[in-house]
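Novice: Give me coordinates for this.
(one chain, ligands or ions: 1)
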Amino acid sequence: MTTRDRVLSGMRPTGRLHLGNYLGALDNWVRLQETHDCFFFSADWHVLTDHGETEDVPQNTIEMAADWLGAGLDPERSTLFVQSLVPEHAELHLLFSMVTPVSWLERVPTYRERIEQQQIASPSYGLLGYPLLQSADILMYKPRWVPVGVDQAPHVELTREVARRFNAAFGPVFPEPDVKLTEIPKVPGTDGRKMSKSYDNCVYLSDPADEITRKIKPMVTDPARKRRSDPGNPDVCPVFDLHRIFTPPGDRDACATGCRTAGIGCLDCKGVLLRHMLPPLERIRERRQTFAEKPDRIVEVLHEGSRRARQTAQRTMGQVRAAVGLAP
Ligand code: SF4
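Specialist: Predicted coordinates:
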């Protein structure tokens, strides 16, 4: 039997997933489970760095897991777990905090961006230590690969540095994982900006076909194409970015030509997009719905996955404790 390379990745449970989340990460996770030993987790402690409110987190975790299962993650093949149900992550984070210089954390780009953009006058240790907790999340499972978008790559680099630092101090416990860069397609929201919950411009995996149609029909197009008789430019049109994802080349090229020659109107063009976009999304939504109707089953899946993840985490922590050598 060949051993599969291990992969680990996580998402913060902020509720239902949209197309950007799906195409930027989840779709890739589903493919990875065919060829890798996958650990995917709900990073619920990380939500606390955004705000102190936790009342929505349990329901958001269930909604997100329903999307995972709907998209095709299989709990028999992938270990799907919840970070806070594996408290060993906190112990490893603590030990890592003893060997990690504060300056390493202060130079992480996302930390600087967050405090500047949100004008946080007095950042918490949790915000500064966020990437270190991520390092613990990752190294606990000794994965070969960490699939992330390019913006998260510095966090994996920090993780490699932390592994080296820990190994130098206490002995070789942690292999260094590598980044598996996920190619993230441009996924525009209905207003043409990046699809994001904060812009309220999302198409959700849980949206039924009529809801998606209602969102796509008025979607922003090439702003220079004001009248049906004006030729348009697909290269600057957010609708065409979705064609690039969903529409096969024949129909897509026909839409591009029709747009440039004013041979088709934007509503026709969106009709072609919907014809290709709705069936695959409907398959995900239907499967999601069967899980969403049984939230207890989702909770069971997450607890069972967390139990399995914890066995691995406890093995790692046995090695870590032995290497650190505190207990008499
Ligand atoms: S015809 Fe299609 S690609 Fe061209 S501007 Fe309209 S929606 Fe965009």
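
Novice: now the strands for the stretch 1-150 of the chain?
Specialist: For the stretch 1-150 of the chain, the strands defined by DSSP state E, counting those that start in this stretch cover 6-11, 37-42, 79-82, 145-148.

Novice: so can I have JSON lines of those showing mean neighbour count and mean pLDDT?
Specialist: C-beta here means a position set from N, CA and C on the backbone, and glycine is covered the same way. Converted to JSON lines, those look like this (neighbours: other CB atoms under 10 Å; pLDDT from 0 to 100):
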{"stretch": "strand 6-11", "mean neighbour count": "22", "mean pLDDT": "97"}
{"stretch": "strand 37-42", "mean neighbour count": "24", "mean pLDDT": "98"}
{"stretch": "strand 79-82", "mean neighbour count": "24", "mean pLDDT": "98"}
{"stretch": "strand 145-148", "mean neighbour count": "22", "mean pLDDT": "94"}
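
Novice: buried sites along the lowest-mean-pLDDT helix or strand in the chain?
Specialist: Least confident helix or strand, the chain: helix 109-117 with a mean of 87, by mean pLDDT, DSSP states H and E. Residues 111, 114 are the ones in helix 109-117 that count as buried (16 or more other CB atoms under 10 Å).

Novice: Residues touching stretch 137-144, excluding its own?
Specialist: 5-8, 10, 39, 41, 43, 83, 86, 88-89, 92, 146, 156, 159, 162-163, 174-175, 177-178, 309, 312-313, 316-317 (CB atoms under 8 Å, 6 or more residues apart in numbering).

Novice: How about the contacts made by residue 82?
Specialist: Contacts of residue 82 by CB under 8 Å, 6+ apart are 41-42, 44, 61, 302-303, 305-306.

Novice: so the nearest residue to it once chain neighbours are set aside bridges to which residues?
Specialist: Leaving aside its sequence neighbours, residue 82 sits nearest to residue 42 (CB to CB, 6 or more residues apart in numbering; 4.8 Å). Beta-bridge pairing for residue 42 (DSSP bridges): residue 11, residue 82.

Novice: Tell me how many other residues surround the residue of the stretch 1-150 of the chain found nearest the ligand.
Specialist: Taking CB to the nearest ligand atom, the ligand has its nearest neighbour within the stretch 1-150 of the chain at residue 19, 17.0 Å off. By other CB atoms under 10 Å, the residues close to residue 19 number 25.

Novice: Equivalent analysis for residue 120, please.
Specialist: 12.

Novice: What score does it have for pLDDT?
Specialist: We have a pLDDT of 85 for residue 120.

Novice: That one and residue 195, how far apart?
Specialist: The gap separating residue 120 from residue 195 is 25 Å, by CB to CB, to the nearest Å.

Novice: now do residue 122
Specialist: 32 Å.

Novice: what residues does this structure put near the ligand?
Specialist: Residues of the chain lying close to the ligand (CB under 6 Å from any ligand atom) are 221-222, 225, 232, 234, 237, 239-240, 255, 259, 264, 266, 269-270.

Novice: Make TSV out of these and add pLDDT.
Specialist: Formatted as TSV, the residues of the chain next to the ligand follow (pLDDT from 0 to 100):
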residue	pLDDT
221	97
222	96
225	94
232	97
234	98
237	98
239	98
240	97
255	98
259	98
264	97
266	97
269	98
270	98
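
Novice: Filter these down to just the ones in helices.
Specialist: Among the residues of the chain next to the ligand, the members found in helices (DSSP state H) are 239-240, 255, 259, 266, 269-270.

Novice: Determine which two of these are furthest apart.
Specialist: Pairwise distances among those were taken by CB to CB; the largest, 11.3 Å, belongs to 259 and 270.

Novice: The two: who's more crowded?
Specialist: residue 259 (26 against 21).

Novice: Looks like the more buried one contacts residue 272 (just checking).
Specialist: No - contact between residue 259 and residue 272 fails when scored by CB atoms under 8 Å: they sit 10.8 Å apart.

Novice: mind listing the helices for the stretch 1-150 of the chain?
Specialist: 19-21, 27-32, 44-47, 57-71, 88-99, 102-106, 109-117, 125-139 (DSSP state H, counting those that start in this stretch).
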